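>>> I'd like to go over a predicted model; first the sequence, then the structure.
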Amino acid sequence: IDDLYIKNEKLAVVSQLAASVVHEIRNPLTSLKGFIQLLESGIGNKEEYFRIMNEEIEKMEAMTSELLFISKPPVNEKAWESVQSMLNDVTMLLNPEARKKKASIVWKQSQDEIKVYCNRSQIKQVFLNLIKNAIEAIDHDHGIIEIKLEVLSKHVVISFIDNGPGVPENIIDRLGEPFLTTKENGTGLGLMVTKQLMSQHGGEMKVVPNEKEGTTFKLRIPIVPHEKNTKQFE
Ligand code: ADP
Ligand code: MG
């Protein structure tokens, strides 16, 4: 009964998501169709049409690649992975983007290596989503994204602390809803995927506004996942 219940609940989430994905993809498709008609008619500025069409295609591309991530079966892909090594990979990848915004990613690497039993590419995706959001949020030239690691008895807590403008108040309680975005070219899927991947690992994500400025996103990841968490996705 329990199994069936879980499956039904998952199905409901998936079909809801599918409905919104269809909706979100239909808009760029309609617009592409319109531009093709315009091109056929020979009216207007071709280069401009191609530029917009390209943007619409990129939007669909970004959405589908993010969604692919949650539909990938995570089974049998878990191993003991070093948190520091995963963070290293992601910060190296994002450093150029941070530099462009005159922001820096800081992280005291003095700690002993911390290993958790997880899917490496999924946890890296989570780190990437949070650090990328922090970089994108920063709107001044002294941006700092600080990463802190804490080891509790059964969990690792990883904090991503930025000094950006903070999450807009009207959406802070809705973070993780699909397609919730304040960015012109955002997909609004990053935090939803992050939450999903965290729950697949028996972990969680928490958002805390900083006292002075900016936001802290906290991840709590179990070092050894509870049996249920590994079995659930077979
Ligand atoms: P996207 O990045 O495509 O907009 P996300 O799910 O990653 O989608 O984020 C949703 C929204 O949450 C963002 O559009 C932004 O408004 C807000 N947000 C996320 N992280 C931060 C942050 N570090 N600082 C301020 N706002 C943030
Ligand atoms: Mg994002």
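Arrived safely, thanks for sending. Ligands and ions are numbered 1, 2, ... in the order given.

>>> tell me which residue in this structure sits closest to ligand 2.
Ligand 2 sits closest to G190 of the chain, with a gap of 3.0 Å, by CB to the ion. C-beta: built from backbone N, CA, C; applies to glycine.

>>> where does N185 land on pLDDT?
Per-residue pLDDT puts N185 at 80.

>>> so what does the closest residue to it other than its chain neighbours have for phi and psi?
Distance criterion CB to CB, 6 or more residues apart in numbering; nearest residue to N185, sequence neighbours excluded, is K59 at 6.8 Å. Main-chain torsions, K59, degrees, to the nearest 10: phi -60, psi -50.

>>> K59 against T187, yeah?
Yes: contact criterion CB atoms under 8 Å: K59 and T187 qualify, at 7.5 Å.

>>> out of those two, which sits in the busier spot?
T187 (22 against 18; other CB atoms under 10 Å).

>>> quick one on the thing from earlier: roughly how far does the residue nearest to N185 sit from ligand 1?
Going from K59 to ligand 1 by CB to the nearest ligand atom, to the nearest Å gives 10 Å.

>>> so what's that residue up against?
28, 185, 187 (CB atoms under 8 Å, 6 or more residues apart in numbering).

>>> near ligand 1, from these?
Counting by CB under 6 Å from any ligand atom, T187 from the contacts of K59 sit close to ligand 1.

>>> hey, what's in contact with both of K59 and T187?
By CB under 8 Å, 6+ apart, K59 and T187 have no common neighbours.

>>> flag every residue of this protein that's near ligand 2.
133, 190 (CB under 5 Å from the ion).

>>> what about the helices in the chain?
2-41, 46-71, 83-100, 120-137, 190-200, 227-231 (DSSP state H).

>>> put together JSON lines for these, with mean pLDDT on each row.
Supplementary listing: the helices of the chain in JSON lines, determined by pLDDT from 0 to 100:
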{"stretch": "helix 2-41", "mean pLDDT": "76"}
{"stretch": "helix 46-71", "mean pLDDT": "82"}
{"stretch": "helix 83-100", "mean pLDDT": "92"}
{"stretch": "helix 120-137", "mean pLDDT": "93"}
{"stretch": "helix 190-200", "mean pLDDT": "90"}
{"stretch": "helix 227-231", "mean pLDDT": "48"}
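
>>> reformat those helices as JSON lines; add distance to T215.
As requested, the helices of the chain are exported to JSON lines (distance: least, CB to CB, whole Å):
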{"stretch": "helix 2-41", "distance to T215": "25"}
{"stretch": "helix 46-71", "distance to T215": "21"}
{"stretch": "helix 83-100", "distance to T215": "16"}
{"stretch": "helix 120-137", "distance to T215": "7"}
{"stretch": "helix 190-200", "distance to T215": "12"}
{"stretch": "helix 227-231", "distance to T215": "27"}
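
>>> quick one, which of the ones you listed is nearest to V151?
helix 83-100 (9.2 Å; CB to CB).

>>> what's the closest one packed up against?
On a contact count with 3 or more CB pairs under 8 Å, 6 or more residues apart in numbering; DSSP states H and E, helix 83-100 meets strand 103-107, helix 120-137, strand 143-151, strand 155-162.

>>> and of the ones you listed, who's closest to S20?
Here helix 120-137 is closest among the helices and strands packed on helix 83-100 (CB to CB), at 18.7 Å.

>>> now do that closest one: distance to the chain's middle.
6 Å (CA atoms, centre = their mean, to the nearest Å).
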